[in-house]
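Enquirer: model this:
(one chain, ligands or ions: 2)
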Amino acid sequence: MTNPDLINKTILFVKEKLANAEGGHDWFHIQRVYKNALLIANGETCDETVVKLGALLHDIADSKFHSGDETVGPKVAREFLESESVSEAVITHVIQIIDNVSFKGGKTEKTFSSIELDIVQDADRLDAIGAIGIARAFNYGGFKNRALYNPQIAPNLQMSKEEYKNSQTPTINHFYEKLLLLKDKMNTETGKQIAQERHHYMQGFLAQFYAEWDGEL
Ligand code: ADP
Ligand code: NI
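Expert: Ligands and ions are numbered 1, 2, ... in the order given. A predicted model of the protein is given here:
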């Protein structure tokens, strides 16, 4: 059984921390990931407390917005969980989830594995695809002042994490470089099923986008 007090306090803590976050990483992203994670957890044998804490804290201090420092998130999460007298085993597990959850390349060698990490990772990936994923991608592209699309710039799957972050890759390319690849990276059965539907929705969006681009509709 999860201690509802701990979860409620974690929700308040995360909401406050993310008060000024940009649209793709705000509290509502966390809320969607939390809901996805609970849905997926229903079909799995897992530690529900770890899944909930992992989902709520997974983006607590995204390195993209802290000049690339990847130690900030785990530190902030640890301090909070210690202040709530959470057991060291649970803290360590949640920190492992924060460290390993992101799909954004670079950290391709996974240093840890657990069903709870698999669930939170699937939940986070689901929020990067489908209608919400499309909205987040264009929001991020706008934040980076990138073009929507440029037929002369082909998608490039070979860029390093650093190159990718600093490139002026049009947002449509991000679909081929990341988003359309996610359905085959899902860990859980529930995650795979939902991803398949959202993948199909993105394919429809792209077909419509090119048709409109070419003045065909
Ligand atoms: P998360 O923090 O959820 O693990 P990221 O920080 O990598 O994932 O990305 C956050 C959101 O920004 C995702 O929806 C992702 O698709 C989007 N995003 C990241 N990089 C790009 C990009 N180059 N172009 C468009 N969208 C991007
Ligand atoms: Ni996230």
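Enquirer: just the CA trace of the helix or strand of the chain with the lowest mean pLDDT, in CSV.
Expert: Scoring the helices and strands of the chain by mean pLDDT, DSSP states H and E places helix 161-166 at the bottom, with a mean of 86. Presented in CSV, the C-alpha positions along helix 161-166 are these (Å, rounded to 0.1, in the frame of the first residue of the first chain):
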residue,chain,number,x,y,z
LYS,A,161,23.2,14.3,-28.1
GLU,A,162,25.2,17.5,-28.0
GLU,A,163,25.0,18.1,-31.8
TYR,A,164,21.3,17.3,-31.7
LYS,A,165,20.6,19.8,-29.0
ASN,A,166,22.4,22.6,-30.8
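Enquirer: now it: buried residues?
Expert: The neighbour-count check on helix 161-166 (16 or more other Cβ atoms under 10 Å) flags Y164 as buried. All C-beta spots, glycine's among them, are computed from the backbone N, C-alpha and C.
Enquirer: heading C-terminal from it, find the next helix or strand.
Expert: helix 171-177 (DSSP states H and E).
Enquirer: and this protein, what are its domains?
Expert: 1-105, 128-217 (automatic domain parsing).
Enquirer: so where's the chain uncertain?
Expert: Along the chain, segments meeting pLDDT under 70 span 1, 61-70, 103-110.
Enquirer: centre-most residue in it?
Expert: Centroid check for the chain by Cα atoms, centre = their mean gives D124 as the closest residue, at 3.6 Å.
Enquirer: that one: what secondary structure?
Expert: Of the three states, D124 takes helix under DSSP: H, G, I helix; E, B strand; the rest coil.
Enquirer: and the longest helix for this structure?
Expert: helix 189-213 (DSSP state H).
Enquirer: that one vs ligand 1: in contact?
Expert: No: using Cβ under 6 Å from any ligand atom, helix 189-213 never reaches ligand 1; the gap is at least 10.9 Å.
Enquirer: contacting residues around that helix?
Expert: 36, 39-40, 42-44, 119, 122-123, 125-126, 129-131, 133-134, 149, 151, 172, 175, 179-180, 182-183, 186, 217 (Cβ atoms under 8 Å, 6 or more residues apart in numbering).
Enquirer: kindly give a single ChimeraX line that selects the buried subset of these.
Expert: Buried members of these, defined by 16+ other Cβ under 10 Å, are picked up in ChimeraX with:
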select :36,39,40,44,119,122,123,125,126,129,130,133,134,149,172,175,179,180,182,183,186
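Enquirer: near ligand 1, which of the contacts of helix 189-213 show up?
Expert: G133, L179.
Enquirer: returning to what we had before: quick check: the residue nearest to the centre of the chain vs ligand 1, distance?
Expert: For D124, the distance to ligand 1 equals 5 Å [Cβ to the nearest ligand atom, to the nearest Å].
Enquirer: ok, L126 next?
Expert: Distance from L126 to ligand 1, counting by Cβ to the nearest ligand atom: 10 Å.
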